[in-house]
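1. I would like the atomic coordinates for the input below:
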Amino acid sequence: MTDWYHLFSDRPSEYAAIIYRRFLERLNTYAGDKTNEEYLRQQALRYLLPSIHLLKSPFAFPGMVEAVDLLRATVAAGEKRIVIYGDRDADGVTSASLLHLFFREQLKIGSADLVTLVPREEDKYGITPGVAARIIAEKPTLLITLDCGSSNKAELATIAAQTGCKTIIVDHHFIPESPADYPQVEAFINPKLLPEPDFARDYCTAAITLRLVQGILFSYSREYHEAIGLKTATAQVVIRDGIIDQQTDFSACARQYVLGIDAGDSSTSHDLLKIFEHTARENYDMRRMFLAYQKMPTAISPLEVFNAVQSASFRKSHTILSQYLPLAAIGLVADLMPVYADNRILVREGLNVMARAQDTLPMGLLALLKKLNLAGSVAEQDLGFSVCPAINAAGRMGNATLALKALTETDPLEATKAAFALTQINAARKEASQSSLDLLEEALDSRSHDAPLAVALHDNFHRGISGLIASKIAERFSKPALVLVPDGECYRGSVRAFRNENVHGLIDALAEHLIQYGGHRQAAGFSVAKEKLSAFIDAIFEIAPQIFAAVEADAAAEGIDPFRNFHPPLEIESKHMRTPLWDELLLHAPYGVLNPHPVVALKKPGKVEVANLGKTGAHAKIKFTAPADSNIEGVWFFHNGEANNAAGSEDLEISGEPQIGKFMGRMQYRLKITRVEGIKK
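-> A predicted model of the protein is given here:
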């Protein structure tokens, strides 16, 4: 097997190599027997040489060509009415905001021709009859559903029948088992239509929406739909819109390239290798790819070389696209999508834009970052713990319109007001979450203790945060969790995975009990009639052991989610605790699901000095005496008084996440402490 790590790495190092090997182990567990040498090559290339020029062609998604052509025809039409409908969560709202901003700013579609809607507090997930009525009232000529629609064949047919509109679905939730049950629309874009183990199946809707925008931009180039020939020493292929075209004859290509062989008559053939080399002189990412190609030409496929060179030439398109990358990154992190392959590249690029190109950010997003003290320095953990919750809170608390307004606002003062309102509603969400969790003891079904999942039901749970409550319960009990809350004449439910359990599969197996349902592998939502509630819960406990058996058997460590937690920690001696080590440990950022943030266990840190942080002293700053580099400090959030007991203690073992970023206005290297052992009380 090829050693991709040493082939692609600029500076191989011990701990970075361990982090990469751990990633491969998780990947093999995640993808199972679907992996092969070619799959691992693609993953290694994108993990070790992440670049926006390595993204899969947007036209590899089924339905993308139809969507792009329909959008262009609609934009060109004299009379048009485009209605965008996005889901209430951060993925849905960022998708709707992204497309709304692109239509308004780049395609110059005015407010009279563009309407963007999100759910009201009373709306359930998807295109419900009530939502359909709202859409029909807007009299669309084109409807675009974002983060919903895959399971709404009947409702979308009703909308089309009453308005005559055409429809584009952009969604990533599970699709009906039979194609006969797919919505009958003009363009259906859902990564679940791709075959396994294609890594693009793990896109969220915001990421797909960004690729739709990229597809639209590409469609205005002369290369759109052009058949281009590419010849190597072993094959000749036709490339159209970044994918292999099996239907067109090579000889029919007016433009042809060769790679790794003599170009011959330069009037008909172009040497792609020379163009690759020239591009590498001007682009750092391309230079790294070119050097890898020189070491081993098979490390990068001919199609990847062609697409990367073509992508690097579209500078204006990338300048436009970069404005919307942060919204895609937020959607990916908020929806807990696996941070690998294209997803990791998109998060990386989105973070770079937020840190280095603030003047290009949507006005509302910049205002929110400033309000959260993150302007100019944003890491993936900042998205997960600060930005995403603030956007999600609006939808959970019944005011998704507020999040949409905040992200699409153009007036600086109004954007600042909206950002402040988001932080306020997030504070209210935190209070509601804690109030709901305080009811857990009486809400938890007694069968949960011995079952492979926990089920909780309470009339006083906040309806909008059932998914968040389920996530907290899953973390507390180290198993999937399902939460039910009353919603008029039915109960609304949310179920969340703990490891990689297929919770959507659980709900799908119980479809006969449900009014409606939807979701993806690790998160699902549904509604059940009151009269069927008891039978539904009984059925859950009966079928869950079968659905979750495989994941239980493969669990790497009890109480540890291997896809979200770096376990076991990397053990380091205090004398090695230096800033270059922090740089090495964070070499493979951004981290997240499937590629969790590294955790180190610091041995013999010596005595520690403790200083409380915050008005209440809930957090503490830890200064180490033994490590040689005094620039690294520890930060212990919500230590529950344990930090004070640790003061002056020796022989501690301190575990935490190495972090680099701006804290309190200055660049710092710090250890975010997650566990301390050896405290004497």
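2. which helices and strands does the longest helix belonging to the chain pack with?
-> Taking DSSP state H as the criterion, the chain has its longest helix at helix 412-437. Applying 3 or more Cβ pairs under 8 Å, 6 or more residues apart in numbering; DSSP states H and E, we find helix 412-437 packed against helix 363-371, helix 388-396, helix 400-408, helix 466-477. Using the backbone N, CA and C atoms, a C-beta is placed for each residue, glycine as well.
3. which is the next helix or strand following it?
-> Using DSSP states H and E, the helix or strand that follows helix 412-437 towards the C-terminus is helix 440-443.
4. pull the CA atoms of that next one into PDB?
-> The C-alpha trace of helix 440-443 is given here as PDB (Å, rounded to 0.1, in the frame of the first residue of the first chain):
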ATOM      1  CA  LEU A 440     -35.000  14.900  32.700                       C
ATOM      2  CA  GLU A 441     -35.400  12.600  35.700                       C
ATOM      3  CA  GLU A 442     -39.200  12.600  35.500                       C
ATOM      4  CA  ALA A 443     -39.200  12.800  31.700                       C
END
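5. Isn't residue 102 up against residue 324?
-> Yes: if you go by Cβ atoms under 8 Å, residue 102 and residue 324 touch, sitting 6.4 Å apart.
6. And the strands in the stretch 101-250 of the chain, which stretches?
-> For the stretch 101-250 of the chain, the strands defined by DSSP state E, counting those that start in this stretch cover 114-117, 142-146, 166-170, 187-189, 228-231, 236-240, 243-244.
7. of all these, which lies closest to residue 379?
-> strand 142-146 (26.7 Å; Cβ to Cβ).
8. What strands line up against the closest one, and which way round?
-> Strand 142-146 has the following sheet partners, assigned by DSSP bridges: strand 82-86 (parallel), strand 166-170 (parallel).
9. Just want the angle from the first one to helix 388-396.
-> Computed with axes from the mean of the first three to the mean of the last three Cα atoms, to 10 degrees, the direction of strand 82-86 lies at 110 degrees from that of helix 388-396.
10. who's in contact with strand 82-86?
-> Under the criterion Cβ atoms under 8 Å, 6 or more residues apart in numbering, residues 74, 92-93, 95-97, 99-100, 103, 109, 113-118, 127, 131, 135, 138, 140-148, 165, 404 lie in contact with strand 82-86.
11. now do stretch 494-508
-> If you take Cβ under 8 Å, 6+ apart as the criterion, stretch 494-508 is touched by 29-30, 174, 453, 466-467, 469-471, 474-475, 477-483, 514, 517, 519-526, 540, 543-544, 547-548, 551, 555, 561-563.
12. and with 6 Å instead?
-> Outside stretch 494-508, the residues that touch it by Cβ atoms under 6 Å, 6 or more residues apart in numbering are 174, 466-467, 470-471, 474, 478-483, 517, 519-526, 547-548, 551, 561, 563.
13. chain center to that stretch, what's the gap?
-> When C-alpha coordinates are averaged (Cα atoms, centre = their mean, to the nearest Å), stretch 494-508 and its chain have centres 18 Å apart.
14. Which among the strands paired with strand 142-146 is found nearest to residue 645?
-> For those, the distance to residue 645 is smallest for strand 82-86, at 48.1 Å, taking Cβ to Cβ.
15. Export that closest one to PDB, keeping only CA atoms.
-> C-alpha atoms of strand 82-86 as PDB (Å, rounded to 0.1, in the frame of the first residue of the first chain):
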ATOM      1  CA  ILE A  82     -38.500  33.200  -7.500                       C
ATOM      2  CA  VAL A  83     -39.400  31.800  -4.100                       C
ATOM      3  CA  ILE A  84     -36.700  30.300  -1.900                       C
ATOM      4  CA  TYR A  85     -37.900  28.200   1.100                       C
ATOM      5  CA  GLY A  86     -35.200  27.100   3.600                       C
END
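16. List the buried residues of the longest helix of the chain.
-> Neighbour-count burial for helix 412-437 flags 415-416, 418-419, 421-422, 425-426, 429, 432-433, 436-437 (criterion: 16 or more other Cβ atoms under 10 Å).
17. CSV for those, including distance to residue 395 and pLDDT?
-> Shown next, in CSV, are the buried residues of helix 412-437 (distance: Cβ to Cβ, whole Å; pLDDT from 0 to 100):
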residue, distance to residue 395, pLDDT
415, 19, 95
416, 21, 95
418, 14, 95
419, 16, 95
421, 14, 96
422, 11, 96
425, 10, 96
426, 11, 95
429, 10, 92
432, 13, 91
433, 14, 90
436, 17, 91
437, 20, 91
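18. Tabulate those residues (TSV), appending distance to residue 3.
-> Listed next are the buried residues of helix 412-437 as TSV, based on distance: Cβ to Cβ, whole Å:
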residue	distance to residue 3
415	49
416	52
418	51
419	48
421	52
422	47
425	50
426	46
429	47
432	51
433	47
436	50
437	48
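19. in the stretch 501-650 of the chain, which spans are helices?
-> Per DSSP state H, counting those that start in this stretch, the stretch 501-650 of the chain carries helices over the ranges 503-509, 533-554, 579-585, 642-646.
20. could you give the mean pLDDT of the first one?
-> Computed over helix 503-509, the mean pLDDT rounds to 93.
21. same question, the longest one
-> Over the span of helix 533-554, the pLDDT mean works out to 83.
22. neighbour-wise, which of residue 102 and residue 324 wins?
-> The residue with more neighbours, out of residue 102 and residue 324, is residue 324; 27 against 22, by other Cβ atoms under 10 Å.
23. deepest of the helices of the stretch 501-650 of the chain, which one?
-> Ranked by mean neighbour count, those are led by helix 503-509 with a mean of 21 (mean count of other Cβ atoms under 10 Å).
24. Least confident secondary structure element in this protein?
-> Least confident helix or strand, the chain: helix 642-646 with a mean of 80, by mean pLDDT, DSSP states H and E.
25. ok now that helix, how far from the chain's centre?
-> With Cα atoms, centre = their mean as the basis, helix 642-646 stands 36 Å off its chain's centre.
26. Report the backbone C-alpha coordinates of it in PDB.
-> What follows is helix 642-646 as a C-alpha-only set of coordinates in PDB (Å, rounded to 0.1, in the frame of the first residue of the first chain):
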ATOM      1  CA  GLU A 642     -12.000  21.900  40.800                       C
ATOM      2  CA  ALA A 643      -9.400  24.400  39.600                       C
ATOM      3  CA  ASN A 644      -9.100  25.900  43.000                       C
ATOM      4  CA  ASN A 645      -8.400  22.400  44.400                       C
ATOM      5  CA  ALA A 646      -5.700  21.900  41.800                       C
END
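27. Skip ahead from that helix and say which helix or strand is next.
-> strand 653-663.
28. other SSEs contacting that next one?
-> helix 579-585, strand 600-603, strand 666-677 (3 or more Cβ pairs under 6 Å, 6 or more residues apart in numbering; DSSP states H and E).
29. Which residues does that strand contact?
-> By Cβ under 6 Å, 6+ apart, strand 653-663 touches 377, 379, 569, 582, 585-586, 597, 599, 601-602, 605, 669-678.
30. What residue spans form the domains of the chain?
-> Split into domains by automatic domain parsing, the chain comes to 59-219, 228-306, 438-554, 570-677.
31. okay, and for the stretch 201-350 of the chain, where does confidence drop off?
-> Under the criterion pLDDT under 70, the flagged ranges of the stretch 201-350 of the chain are 265-267.
32. just the helices in it please.
-> 205-219, 272-282, 284-295, 302-313, 315-322, 325-334, 341-356.
33. Much appreciated, bye for now.
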